[in-house]
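Colleague: Build me a model:
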Amino acid sequence: MLARFLIVLLLLPVLGACSLTPEQSAAEALSALCRGDADLFASHLTSESRRLFKGLKTESPDRFTCTKECSPTAGVDRRAGPIALVSVDGCGDMPQLVMIHENGAWKLDLFSTESGLPQDLGQEDGP
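Modeller: Residues are numbered from 1 along each chain as shown. Predicted coordinates:
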């Protein structure tokens, strides 16, 4: 009985992260980056983006340090299936972010841009 309770306690953070919406995941990722929490930021990246970020961070650690306070709020502009285009306010001039549903969670994709998304990306519900 105690073992089951401990397993549930260990899984709660994982289950909570899976339930974030695209805009919540984007805002949490940017907040983490602005606080200097590179590991939490990386956890909100797609697997390919995470490899790129870790490589770039190894080469130039100071490159990913915020120089100003950031309180991001995000909203979904367009969404279709496993892709969402998210706008962020509260962090200065910020491009729209592409979020991809990967392994049960919404992740920031550093390789995708709005211009590379399907033209029919609409307001459909996704995962």
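Colleague: Am I right that Gly55 sits in a helix?
Modeller: Yes - counting by DSSP: H, G, I helix; E, B strand; the rest coil, Gly55 is part of a helix.
Colleague: Would you mind measuring from it to Glu48?
Modeller: Distance of Gly55 to Glu48, computed by CB to CB, to the nearest Å: 11 Å. (Glycine included, C-beta is placed from N, CA and C.)
Colleague: Between the two, point out the one with more neighbours.
Modeller: More crowded of Gly55 and Glu48, by other CB atoms under 10 Å: Glu48, with 14 against 9.
Colleague: Excluding chain neighbours, what is closest to that one?
Modeller: In space, and not counting its chain neighbours, Glu48 is closest to Phe111: 6.3 Å by CB to CB, 6 or more residues apart in numbering.
Colleague: So for the one you found, what's the pLDDT?
Modeller: On the pLDDT scale, Phe111 is placed at 87.
Colleague: For it, which three-state class applies?
Modeller: Quick answer, by three-state DSSP: Phe111 is coil.
Colleague: hang on, it packs against Arg50?
Modeller: No - shown here, Phe111 and Arg50 do not form a contact pair, counting by CB atoms under 8 Å, at 11.3 Å.
Colleague: quick one: which of these two has more around it?
Modeller: Between Phe111 and Arg50, Arg50 has the larger neighbour count (other CB under 10 Å), namely 17 against 11.
Colleague: Ramachandran angles for that one?
Modeller: Dihedral angles of Arg50 (phi, psi; degrees, to the nearest 10) stand at phi -60, psi -40.
Colleague: Quickly find the element holding the closest residue to it other than its chain neighbours.
Modeller: For Arg50, ignoring the flanking residues on the chain, the nearest one in space by CB to CB, 6+ apart is Ala42 at 5.1 Å. Using DSSP states H and E, Ala42 maps to helix 38-43.
Colleague: what comes up buried for that helix?
Modeller: Across helix 38-43, burial judged by 16 or more other CB atoms under 10 Å covers 38, 41-43.
Colleague: same question, stretch 84-98
Modeller: Buried, per 16+ other CB under 10 Å, within stretch 84-98: 84-88, 91, 94, 96-98.
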